[in-house]
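J.: this one's sequence-less:
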């Protein structure tokens, strides 16, 4: 007979790592019915008759988000055979809050006390035996990242599954609250239903949980009695019911923790000392800016660039391109076929893959920041700024993910319980410079700005600024208006980054970049080469592409991009192909300008070629538009899926295109006025556009209820 185990716990408690240890590769990922939240389940490696359900990470059983609703319903309604609660031992009090709720379900419970190694390093001691006695369930100390204690946990799981079920203890509340709960239990018992567990149902009914009350199907009289009991308790304790229950849970848990945990003599941990600086109201943001500058300095201007120059100059130019041309010429291959292979495939795909070393170094740096625990602090720092503009700090998590790829960032918005905040995050997530945009930034920075790390860093913060400005403007429209949801996040303890974890992170991200180059970018390169090598009569044109199909299409749209400072057909077609995949911008430029072997930063052809195409002001405008406009087709598909509405999808794309055009228009024309003293009709239009944006940004928010 199959047994079902529910794996529960707070986010960042190590639950997923433990799940991987227990199931190995014997697992599958799907979706929970009716929602887009991932559903992970697997079989215990040592016993295929034991199914493990990895529930979404939650802080409590109070249903405020889709994850909490799913976890609560699975535990309370489907009632698995055993719950394994993964508790972060380094943050025992906070994690035991969920445990206290799980105990009320009266299901067999095991506490997997994770990160015990981190606790031991601080000098603190947790009396596992006493904790087990107090909770009335087995407690197994483990270190999931190291695999310590896993075998012992599996042994305890098997024992508890096949022995007589034992219910854990239940946390006691104050006398008035206990009296109220007993009265509600009596009301529930009088109803002609056989739902269990009564204690849990009584607590949720006292909290006025709509889902629980609808399940109970109580009559109007019973509901009125419960409401009266709730009001009496609030009056007696002079507080609202949520605060009463939360406060009393923590009072009991603080007493319990004081009895089982002996704190170290060190009053302030290393994590606390670092956090006093990096999360400071004054120093937090400057430190973040400096950190991101160093990340881009290392990846774009120093180590990453040295590797990229070698790949472009030696690998692609001398070895690959030179070898292919020599080989095919020796065999008297037709010139058009040599052009297809060398100027199409090698120049196009090579233009993108040439930036792979910079990408890899960037992912190493970001992986180091994430694994060390610093990026969680960044979310905390940015929450202060976001909330001033009516935005939720929860939006910053998808934004951080977006620096790798917009698709998972858009999907990450599923965790946001406020639907309007979620839509706003979906609309703005692609403003961040993803991995596909980085080669474009690096190329322009190399051509016009000496590869300056400040240029690449500026686009990271321009992306954040675009999110804030867009959010502040859109929040003032009724369809997206709402008060920002509170942002609660577990701060992981700082630790030395794990080399294998960082390497795996960088390799996975880089491999995804390579796969795109070998599929959609390769196909695009072939199409772009054909369109830039032949005219409408299908006759081959000169190497510069003048007279080609691509050139005529670009010139037809020149009027649209003239006010933005890039009206040459090469830049326009690069922008258009970028809508398919942002890597195509570099891919297209590499083909139409024959840059496949001239993309190294110190290449003399680079500035010469781009000097004909763009001015330095126009090049930055080109970057602004391509960084902020609609994302690639894959991300557009993700927007359509997550929005579940064609109307909202078109509204999102419309805002992205309009905002990108407005920002690029304002920058180019004001910069030309200030730097080159050029004042014309477009300067007036740019000033008017800027004034309009300022008015939209500063106009009163009629829909915001609180500040």
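T.: That came in fine, so what should we check first? All values derive from a computational prediction rather than experimental measurement. Numbering: from 1, shown residues only.

J.: I'd like the average pLDDT over stretch 190-205.
T.: Mean pLDDT, computed over stretch 190-205, is 79.

J.: one more: stretch 491-508?
T.: Averaged over stretch 491-508, pLDDT sits at 82.

J.: endpoints of it, how far apart?
T.: 25 Å (C-alpha to C-alpha, to the nearest Å).

J.: just the buried positions in that stretch, please.
T.: 491-495, 497, 502, 505-506 (16 or more other C-beta atoms under 10 Å). Yep, even glycine has a C-beta here, placed from its N, CA and C like the rest.

J.: so residue 68 sits against residue 57, correct?
T.: No. Residue 68 is beyond contact range of residue 57, at 9.7 Å (criterion: C-beta atoms under 8 Å).

J.: got the domain ranges for this structure?
T.: Domain segmentation of the chain under automatic domain parsing yields 3-162, 175-262, 288-698.

J.: mind putting those in TSV, distance to residue 280 included?
T.: As requested, the domains of the chain are exported to TSV (distance: least, C-beta to C-beta, whole Å):
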stretch	distance to residue 280
domain 3-162	22
domain 175-262	27
domain 288-698	9
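
J.: tell me where the stretch 451-600 of the chain has strands.
T.: Under the criterion DSSP state E, counting those that start in this stretch, the stretch 451-600 of the chain contains no strands.

J.: with the chain instead?
T.: With DSSP state E applied, the chain shows strands at 3-9, 27-31, 38-44, 47-54, 82-88, 109-114, 125-126, 138-141, 261-262, listed in chain order.

J.: for residue 614, which of those is the nearest?
T.: Closest to residue 614 of those, according to C-beta to C-beta: strand 38-44, at 43.4 Å.

J.: got the angle between the closest one and strand 3-9?
T.: On the basis of axes from the mean of the first three to the mean of the last three C-alpha atoms, to 10 degrees, strand 38-44 is oriented at 130 degrees to strand 3-9.

J.: counting contacts, what elements does strand 38-44 pack onto?
T.: Secondary-structure packing of strand 38-44 (3 or more C-beta pairs under 8 Å, 6 or more residues apart in numbering; DSSP states H and E): helix 15-23, strand 27-31, strand 47-54.

J.: and with 10 Å instead?
T.: Taking 3 or more C-beta pairs under 10 Å, 6 or more residues apart in numbering; DSSP states H and E as contact, the helices and strands that strand 38-44 lies on are strand 3-9, helix 15-23, strand 27-31, strand 47-54, helix 150-162.

J.: averaging pLDDT per element, find the lowest-scoring helix or strand in this protein.
T.: Ranking every helix and strand in the chain by mean pLDDT, DSSP states H and E puts strand 27-31 at the bottom, with a mean of 49.

J.: just to revisit the earlier point, which of the domains of the chain sits closest to residue 279?
T.: Taking the domains of the chain one by one with C-beta to C-beta, domain 288-698 is closest: 5.3 Å.

J.: so how far is the closest one off the chain centroid?
T.: Offset of domain 288-698 from its chain centre (C-alpha atoms, centre = their mean, to the nearest Å): 18 Å.

J.: about what we covered before: and the buried residues of stretch 491-508, which two are the farthest apart?
T.: 491 and 506 (24.3 Å).

J.: so who does residue 292 touch?
T.: By C-beta atoms under 10 Å, 6 or more residues apart in numbering, the contact set of residue 292 is 365-366, 369, 378, 403, 453, 456-458, 460-461, 464.

J.: out of the residues you listed, who has the most neighbours?
T.: Neighbour counts for the contacts of residue 292 peak at residue 456, which has 26 neighbours (criterion: other C-beta atoms under 10 Å).

J.: any idea how far it is from residue 446?
T.: From residue 456 across to residue 446, the span is 10 Å (C-beta to C-beta, to the nearest Å).

J.: again, but for residue 395
T.: Residue 395 is 32 Å from residue 446, where distance means C-beta to C-beta.
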